[in-house]
Structures are given as C-alpha cells and as structure tokens.
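> Here is a sequence together with a model predicted from it:
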Amino acid sequence: MLRLVYFGWIILLLAACATTAPAATAPRPVTVLISIDGFRADYLDRGVTPVLSGMAADGARGSMRPAFPVKTFPNHYSLVTGLYPDQHGVVDNTMEDPAMPGVTFRMSNTTAVRDGRWWDGAEPIWVTAERAGIKTGTMFWPGSEAEIRGIRPSYVMPFNQAMPSAARADQVLAWLDLPLDRRPGFVTLYFDVVDTAGHNFGPDAPETNAALVEVDAALGQVMAGLKARGQAANVIVVADHGMTAVSPDRRAYLDDLIERSAFRVLSGGAFVAVAPVAGREAEVARAMVGRHPHATCWASRNMPTRFRYGRNPRVAPIVCVPESGWTLSTRDFRPAQPEKGAHGFDPSETDMAAIFVANGPAFRQGVSLGRFEIVDVYPLLARLVGAPAQPNEGRLRRLGPALAP
C-alpha cells in the first residue's frame, strides 16, 4: 500500500513539473536579405512580378533613397552597415586609397575585392552575427568575399555572374537544409540581371521586363522552398539603386573644359570622379569646379552637405554629377556597347529610388512605408537577426509602422 501511495505521489509530481516547466523556445526565424541590383522602386507596379507583388501585399512595401554615390558597392555596404560611404569607406565602385599607393580598387579586381583593408572601415551585419554565435551565408554580396576584422561568413559564394538566378536561389535553400546546429540564421542573396538589362537596353525595354520576370521566378523558388521546409523566415527584398534612361546624344565631355592630359577619370557616366595629374591640381579645379551645361562639379571637400560625401581620403579630389538623363565622359572613351540606362545621379531623383519589400512573421500586412533612407535597413536587420547593432546612421523608427507588435 505504501508503495502505491509513493508511486502516486511521483506521478503527481511529474505531472506538476510538466505543466509548470517553460515551453521550449521556438527557433528565431531565419533572416533572408535579397538584393535585386538596379530594381527601381516603381518597377513593382509593372504587373510582371506577381511573387514580389504578393509579398508586398502580404507584408510591407516602401522605397529607399540610396546613398551617394548611387553605385552598387557603396550602397550594398550601406545596407549591411547602416553607414554612408564617407563613413564605411567604400566610396565608389572604383577608388584609390593614399594608404595603398599603386592599387586601384575595381569590381573586376578580384584581389582588391577580397582584401579586407578596403572593407574594414565598418562591420557588416554578418560579421556581428558571427561574433554573436549566429552562422551566416552570403551569396555574392559585395564585401562578403573578404575577411573583415578577422571574420568571414560561415558560408560564402565568390561572385560568378554566369550563375543562373535559379541556381542562386537553390544554393540559399541548400544552406537552409543543413542540420540545425550548422544552419545559418542570416542569409544574403544577390541578383544582377535587372541591372544588366537596365544598362544595356534601358529601364523601359522589354528585355528589362524579362529580367524582372526571371528574378521574380527565382523569388518564387525561395518562398516555395521556405514553405516546403516549414522554415519560418523574414524576407527583406531590396535594391541598391534605380535606373534612368540615357543616350549618346545626351552626353557632355570633360575634355571640353580642359585638355585630356590634365586629369584621370576614375569613374564616368552619371557620377564622375576625377583625379588631376600631379602638379596640375589648381588648373583642373579652376576649369572643372562649378556649374556647366548639364552637369555640376565640386571639389570633394566642398560637396553639398546633403550628399554626406567628400571627407573620406578615398574620395577623388573632384566629383561631378550630370543632370538626370545625361552622362559625362571624355571624347576618347569608346564603349563596346553604349549604355541605354544609368545610375549615379542625385539620390533625390525619383528614378534613383530603390525597392524595399519585407515579408514574414515580424511584419504587418499591407503596410506602405513611403520613402526612407537606405541606411535604415541595417538596424532592422540587426533586430531581426538578434545581433547587437553597431554604431550606425540608420533610424529603425522610420520602419516602425511595418513591424508587427
């Protein structure tokens, strides 16, 4: 009898423990940051991206003012650091650093792209996440191929433009198939076909719409794959900039201002970075700085404050920005294929606005955010990933209305 009473008490005690023990904490949803290079904010209204449109309707939508200069590498690094280029140091797609004489950083220069010295002016979100014990996977994101402050992503894919959009989506899903202890909590994915089509054919061309359709299908793969795996995810779709139509008959020439031998052009097109030849700095400045037909040039140290640009030592001595739709070049420049679309114009131009769509359990449905700054995405990412935000220039409150209670 005593034995029966004893076992009865044990059963009651176990039952009480079962009812009072805290429930197991569900894993934090994975955060997936997807960049569609060159996806202008209003492309979403063309009716050719049903997956992305559905994500926006079921989540939040906005448009972002890009950082100056409105170029790929500077803005991608602003997205993941929350800093403007003058602060994080990736000031252009092509740049020079007085501390690294004889080296020119270019997107095509693999050695430079993988050199952490160009990137360690700021700490990207994947480095902070790895420090916090959160594994990360980066698919082609600018900066992710370098060791930054001694840390690399757990999983990284070196850039390969020939890799189809569908294969890129498959790789991200493969990372999410890893065992839980090896699975990344933060993943990036990058598509470049929309930007390429916009440059080659123009923002309003059928080829650009076809690129939108291709990427939308890849997004569909990602969303269907997440659902099939039962993987909770907050998916953020962004771009680095928009696109404006340009043509050869709307081109101005720097060597109409001063002879070509007096300066070097580091970047040309819709944003121009000029380095005077040694000994001719004052002469070039007198000829270039000021307002010209279809363009304005500044000494970098005197850039308008709204650009938040010009103090970093990597910024070229003279910076020029043409009117929207115009480009700046030199008469000896002979492109293999003249561009029909460009970016790099004033960030306040409507055509430069970049897409933002957020979908997942962290977001309300049917929210329209209007326009905000590209640096505002970083504090949102830090919150979603669960990593401590580093000092940044973003404002999470601008995205507050999109967040679920």
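Perfect, I can see it now. Numbering: from 1, shown residues only.
> Give the helix, strand or coil label for the nearest residue in space to P338 that is not next to it in sequence.
Counting by C-beta to C-beta, 6 or more residues apart in numbering, P338 lies nearest to P248, which is 5.2 Å off, once chain neighbours are set aside. For the C-beta atoms, the positions are set from N, CA and C on the backbone; glycine is no exception. Three-state assignment for P248 (DSSP: H, G, I helix; E, B strand; the rest coil): coil.
> that's a strand at V213, yeah?
No - looking at V213 with three-state DSSP, it is helix, so not inside a strand.
> What's the local residue count around it?
Close neighbours of V213, defined as other C-beta atoms under 10 Å, add up to 14.
> roughly how far apart are it and V51?
Remark: distance between V213 and V51 (C-beta to C-beta, to the nearest Å) = 10 Å.
> Not including adjacent chain positions, what is the nearest residue to the residue positioned nearest the centre of the chain?
Nearest to the mean C-alpha position of the chain, by C-alpha atoms, centre = their mean, lies H76 at 2.8 Å. With sequence-adjacent residues excluded and distances taken as C-beta to C-beta, 6+ apart, H76 is closest to P142, at 4.2 Å.
> any idea how far that neighbour is from Y77?
In terms of C-beta to C-beta, P142 sits 6 Å off from Y77.
> now do S144
10 Å.
> between these two, what contacts are shared?
Common neighbours of S144 and Y77 (criterion: C-beta atoms under 8 Å, 6 or more residues apart in numbering): P124.
> what does the average pLDDT come to for stretch 28-37?
Mean pLDDT, stretch 28-37: 97.
> Show me the beta-bridge partners of V156.
Beta-bridge partners for V156, by DSSP bridges, are T138.
> residues contacting it?
Per C-beta under 8 Å, 6+ apart, neighbours of V156: 137-138, 144-145.
> so what's the closest residue in space to R306 that isn't next to it in sequence scoring on pLDDT?
Closest residue to R306 apart from its sequence neighbours, by C-beta to C-beta, 6+ apart: S348 at 7.8 Å. On pLDDT, S348 comes in at 97.
> Give me the buried positions along stretch 132-144.
Going by neighbour count (16 or more other C-beta atoms under 10 Å), the buried part of stretch 132-144 is 134-144.
> oh sorry, the question was meant for stretch 89-103
89-97, 103.
> Then stretch 367-385?
367, 369, 372-385.
> Sort out which of these are in strands and list them.
367, 369, 372-373 (DSSP state E).
> Closest one to D204 out of the buried residues of stretch 367-385, please.
Checking the buried residues of stretch 367-385 against D204 with C-beta to C-beta, the nearest one is I374 at 23.8 Å.
> Spatially, and excluding backbone neighbours, which residue is closest to the closest one.
Nearest residue to I374 in three dimensions, chain neighbours excluded: M64, at 4.6 Å (C-beta to C-beta, 6+ apart).
> And A299, its phi and psi?
phi -70, psi 130 (degrees, to the nearest 10).
> any idea how far P322 is from it?
17 Å.
> The two: which has the busier surroundings?
P322 (27 against 14).
> packing partners for whichever strand or helix holds M55?
Using DSSP states H and E, M55 sits within helix 50-57. Packing partners of helix 50-57 (3 or more C-beta pairs under 8 Å, 6 or more residues apart in numbering; DSSP states H and E): helix 206-229, strand 233-238, strand 354-359.
> Helix or strand next in line after that helix, which one?
strand 60-65.
> any idea how far that following strand is from the chain center?
Distance of strand 60-65 from its chain centroid, counting by C-alpha atoms, centre = their mean, to the nearest Å, is 13 Å.
> Okay, now the sheet partners of that strand, with direction.
Short version: by DSSP bridges, strand 60-65 pairs with strand 354-359 (antiparallel), strand 367-373 (parallel).
> Out of the ones you listed, which is closest to A233?
Here strand 354-359 is closest among the strands paired with strand 60-65 (C-beta to C-beta), at 8.6 Å.
> So which residues make contact with that closest one?
With C-beta under 8 Å, 6+ apart as the test, strand 354-359 has contacts from 36, 39-41, 43-44, 52, 55-56, 58-64, 66, 75, 234-242, 369, 372, 374, 377, 380, 399, 402.
> now the angle from it to helix 206-229?
Strand 354-359 runs at 20 degrees relative to helix 206-229, counting by axes from the mean of the first three to the mean of the last three C-alpha atoms, to 10 degrees.
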